[in-house]
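A.B. asks: need a structure here:
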Amino acid sequence: MALPAHHPTIMKTIGQKIAEIRRDKKLSQRELAILTNRCRQHISNIERGFKEPRLPMLRKIAAALNVPLRDLLPEE
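C.D. replies: Now for the predicted structure:
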């Protein structure tokens, strides 16, 4: 699935899914940041839709959350 370049609605949806899964797994933003080798602010910006994560970062987040990558993407 190709995402339009910097589409704010899609980025916000991805961020919301990441935040929801992270909270369900009882992880803080800081813990997810450590698992993905990023800073907490970077994770916060992704979750709020302010930062557009590239595919390698989405893969790292999915792996850290122990979910398939497709779980982070908007449903068609």
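A.B. asks: Contacts for whichever strand or helix holds Pro56 next, please.
C.D. replies: Element membership of Pro56, judged by DSSP states H and E, is helix 55-65. If you take Cβ atoms under 8 Å, 6 or more residues apart in numbering as the criterion, helix 55-65 is touched by 14, 18, 21-22, 25, 27, 32, 35-38, 46, 53, 68-69, 71-73. Placement of C-beta: from N, CA and C, glycine included.
A.B. asks: Could you identify the buried members of those residues?
C.D. replies: Among these, the ones that count as buried by 16 or more other Cβ atoms under 10 Å are 14, 18, 21-22, 27, 32, 35-36, 38, 46, 53, 72-73.
A.B. asks: What residues of the helix holding Pro56 count as buried?
C.D. replies: Neighbour counts using 16+ other Cβ under 10 Å place 57-58, 60-62, 64-65 of helix 55-65 among the buried residues.
A.B. asks: any low-confidence regions in the chain?
C.D. replies: Scanning the chain for pLDDT under 70 picks out 1-8, 76.
A.B. asks: quick one on the thing from earlier: go through the buried residues of helix 55-65 and say which is closest to Thr9.
C.D. replies: Closest approach to Thr9 among the buried residues of helix 55-65 (Cβ to Cβ): Leu58, at 16.6 Å.
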